[in-house]
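J.: Below is the structure, and that's it, no one-letter string:
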């Protein structure tokens, strides 16, 4: 074990390298104690903040908040839930439809030629007239999921016909940040779609128009808990004739750094996932926030986020987000420094048993017991992810983490 | 040499512990490249910023700026340079006078009983009627230096009679920060006084009324370069009868963490200081800013600062500063993490020779050569600190650091 020496000969201390890892873990907790709240909770503002309040209380400390009444004046809230309005307004406008077999685009999936490894899979993208594309979204099932999620400033490009139904920017955010949005994106999807953990180099104002979006959030300080690794990039190919998907590696090979953590592991994979990713599953619980129709989430730059959705009565979830350029300043420099420090926890399988769980996600309590008891004793049988029924799953987590206190196991 | 392992078995990298130290050094440079400027330069605003500008462009990125025309409406600017006005207004008001033999209060000095070690010495503090106290400031010499620097919100306490001559807060700062000042301090001193490197947990607006203040500034990211160590606390005792000082250790012993670096080492100590503190002397040059009468410095929270002063025609330097509470948020959490990581550079005396120097401090260029050439070949003989003549000294530094490029020697 290498020891560092610090200070003059009279003040020399021996500091073990294990303490560097401990310092990283202390950082997660200190941020919560100082600024984010413990247990984790996203502030809910009943009305939009002033530019100064927004900048001082949320952007500056890189802290999320949920905002009500920021979009209540938008015609979109009453018009867009009507599919006939969308059809009539956009009709045959060409739009980009994203298809996957699972609803998980930009996500890890078994490598096409080495199934014991993973690759990073992007969606098959197809340009269709909007009417057809919307039908495909509504017809999605567990074998074929369509999502209108082009992201590439698509609202101002493909969906210009809808522009009068909402604002081209968020005025108090533009004033606070001193700029207009870099991109505005429209998202039309269904409950099959799920976005895996990732972060964006933008300040994000995310407004839900109809349906609900369910976010899991973790701050940039928690970087090491996301097990970001490099994966070869691949793309789904959809074959119209057979209705089947294949997965094709990009050529030449391109690697994508991506988080390895699935916060909703399959029942049969829980213990294995707990063993592989102890920093995530043993650490402080993520922030959970549901953004309902008419609400807006401030998702700060560099925060890791995972997204699921609940549909409205017509089966759709529609949202629009405003990406503002972030400032690359001292917070970013600190993050890059943190990210550059290796952290390799030693695993202790004994610390990763699934025991009594309580989730705030669906309001259900899980019973104590070992893994074999779970499906029999739980009041909500959907304790783990089960995509086939579309029910919302409870967050799999360690009980001591519910309070936000870090239980880090043995490293 | 211990190695870390990161990633899955397919992605395992061996990362040496030396790289942690290298990452710390990269941080110093990245902050300058991203945000602070390279070469280092403090922005000069010709007029005060709006609250939003101040918050967005300086407080949020934790970045200093010099501001003109923020105090030009203060009666203090025309009234306080007159010692008779000060006498008449404050007359016999009791005030706290700080006395040291060297002008260096809150600074490291040889330990009273172990002279090869250092202790942290505070001033002798004496309460006197203002008239007498001001005389003592004006009568200071190289053996006995008086400074009115109580700091403890003294402007609102001891100097209340002057309150109508300036503002009780800085309005655009109060609005930006969402609070009023925690403390307002008055400083009346002379060119003998020098404040050693330290940092404060406040957002600081520092206004010079008469004379000049010369700051050296380094951002919080540069923590390791300051060689903060723990020193036993002592206090000067001034003996009226003999006019001599003694230095008394506090009892019980109290330790004070303090920066070990003197940016202006004595000529005969230069090489030794360079050897002891390579991270400072080999790293990026500090930010240098002179605050003139009528100007104000925004000194961001947690920035290390060293202060010297030039007097006005009556021999005084008068300043007032406004301390606002800082936010303990993600920047602070990151700083604490950084501070907790040990860094022990290996010394290479060969990299620490004094060679060609150029200083922006006095505008003079220094000649190349080894240490023995310095006093003979320099156009300005005051290349190193020489307290006896009161002349401003040139900053001792390494030439490659002038551009802000880090030249870190061998660690």
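T.: Sure thing, it's come through. Because the structure is predicted, anything quoted here is derived from the model rather than measured.

J.: Pull out the buried positions in the longest helix anywhere in chain A.
T.: For chain A, the longest helix by residue count, based on DSSP state H, is helix A:18-31. Judged by neighbour count using 16 or more other CB atoms under 10 Å in any protein chain shown, the buried positions of helix A:18-31 are A:20, A:21, A:23, A:24, A:25, A:26, A:27, A:28, A:29, A:30, A:31. Bear in mind the C-beta positions are built from the backbone N, C-alpha and C, glycine included.

J.: now swap in stretch A:215-222 and tell me
T.: A:215, A:216, A:217, A:218, A:219, A:220, A:221, A:222.

J.: And for stretch A:89-99?
T.: Applying 16+ other CB under 10 Å to stretch A:89-99 flags A:89, A:90, A:93, A:95, A:96, A:97, A:98, A:99 as buried.

J.: excluding its backbone neighbours, what's nearest the last one?
T.: Looking back up the chat, that one is residue A:99. residue A:124 (4.5 Å; CB to CB, 6 or more residues apart in numbering or on different chains).

J.: ok, now residue A:204?
T.: residue A:299 (4.0 Å).

J.: What does that neighbour show for phi and psi?
T.: Here is the backbone geometry of residue A:299 (degrees, to the nearest 10): phi -110, psi 100.

J.: Same check on residue A:334?
T.: Backbone phi and psi, for residue A:334 under degrees, to the nearest 10, turn out to be phi -60, psi -40.

J.: wait, isn't it in contact with residue B:26?
T.: No - Residue A:334 lies out of contact with residue B:26 (CB atoms under 8 Å); the separation is 11.8 Å.

J.: coming back round to it: what's the next helix or strand after the longest helix of chain A packed up against?
T.: Later in the chain than helix A:18-31, the nearest helix or strand by DSSP states H and E is strand A:43-45. Strand A:43-45 sits against strand A:65-67, with contacts defined as 3 or more CB pairs under 8 Å, 6 or more residues apart in numbering or on different chains; DSSP states H and E.

J.: hmm, 10 Å instead?
T.: strand A:65-67, strand A:296-299 (3 or more CB pairs under 10 Å, 6 or more residues apart in numbering or on different chains; DSSP states H and E).

J.: contact partners of the first one?
T.: Which is strand A:65-67. Residues outside strand A:65-67 that contact it (CB atoms under 10 Å, 6 or more residues apart in numbering or on different chains) are A:42-49, A:54, A:57-58, A:170, A:172-173, A:205-207, A:215, A:289-292, A:295-300.

J.: Number of residues surrounding the residue nearest to residue A:99?
T.: Look at residue A:124: counted by other CB atoms under 10 Å in any protein chain shown, it has 21 neighbours.

J.: can you check residue A:168 too?
T.: 14.

J.: Then it would be within a strand, right?
T.: No - using DSSP: H, G, I helix; E, B strand; the rest coil, the secondary structure at residue A:168 is coil, not a strand.

J.: My guess is it contacts residue A:155. True?
T.: Yes - in this structure residue A:168 lies within contact range of residue A:155 using CB atoms under 10 Å: 9.0 Å.

J.: what is in contact with these two at once?
T.: With CB under 10 Å, 6+ apart as the test, residue A:168 and residue A:155 both reach A:181, A:184, A:322.

J.: Now the phi/psi pair for the residue lying closest to residue A:290 once chain neighbours are set aside, please.
T.: Sequence neighbours aside, residue A:214 is the residue nearest to residue A:290 in space, at 5.1 Å (criterion: CB to CB, 6+ apart). Per-residue torsions, residue A:214: phi -110, psi 110 (degrees, to the nearest 10).

J.: How about the one 4 residues further on?
T.: Main-chain torsions, residue A:218, degrees, to the nearest 10: phi -140, psi 140.

J.: residue contacts, the closest residue to it other than its chain neighbours?
T.: Excluding the flanking residues, the one nearest residue A:218 by CB to CB, 6+ apart is residue A:304, at 4.4 Å. Counting by CB under 10 Å, 6+ apart, residue A:304 touches A:196-200, A:216-220, A:222-223, A:225-226, A:228, A:259, A:261, A:286.

J.: for residue A:79, same thing?
T.: With CB under 10 Å, 6+ apart, residue A:79 has these contacts: A:85, A:86, A:89, A:162, A:164, A:165, A:166, A:209, A:210.

J.: What is the nearest of the residues you listed to residue A:243?
T.: Residue A:243 lies nearest to residue A:86 out of those, by CB to CB, at 25.1 Å.

J.: what helix or strand is that closest one on?
T.: Per DSSP H and E: helix A:83-90 holds residue A:86.

J.: quick revisit: can you give me the separation between the residue nearest to residue A:218 and chain B?
T.: 14 Å (CB to the nearest CB, to the nearest Å).

J.: mind checking how far that residue is from residue A:260?
T.: 12 Å (CB to CB, to the nearest Å).

J.: anything in contact with each of the two?
T.: The contact lists of residue A:304 and residue A:260 share A:196, A:197, A:226, A:228, where a contact means CB under 10 Å, 6+ apart.

J.: which ones among these are found in helices?
T.: Among those, no member falls in helices (DSSP H).

J.: Among the residues you listed, find the one with the greatest number of neighbours, please.
T.: residue A:197 (25 neighbours).

J.: Spell out which residues of the stretch 51-200 of chain A are next to chain B.
T.: A:51-53, A:55-57, A:59-63, A:114, A:117-118, A:175-178 (CB under 10 Å from any CB of the partner chain).

J.: in chain A, which strand has the most residues?
T.: Longest strand in chain A, counting residues (DSSP state E): strand A:228-239.

J.: Give me the sheet partners of the helix or strand just after that one and which way each runs.
T.: Per DSSP H and E, the first helix or strand lying C-terminal to strand A:228-239 is strand A:244-249. Paired strands of strand A:244-249, with direction, are strand A:228-239 (antiparallel) (DSSP bridges).

J.: Please enumerate the helices of chain A.
T.: Going by DSSP H, chain A shows helices at A:18-31, A:51-54, A:76-79, A:83-90, A:130-138, A:154-157, A:171-177, A:270-276, A:278-281, A:330-340, A:374-377.

J.: Including mean pLDDT, could those go into CSV?
T.: Formatted as CSV, the helices of chain A follow (pLDDT from 0 to 100):
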stretch, mean pLDDT
helix A:18-31, 91
helix A:51-54, 98
helix A:76-79, 98
helix A:83-90, 95
helix A:130-138, 96
helix A:154-157, 83
helix A:171-177, 98
helix A:270-276, 96
helix A:278-281, 96
helix A:330-340, 97
helix A:374-377, 26
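
J.: what residues are up against residue A:96?
T.: Residue A:96 touches A:123, A:125-128, A:133, A:147-152, A:154, A:157-158, counting by CB under 10 Å, 6+ apart.

J.: Apply 8 Å and report the result again.
T.: A:125, A:126, A:127, A:148, A:150, A:154, A:158 (CB atoms under 8 Å, 6 or more residues apart in numbering or on different chains).
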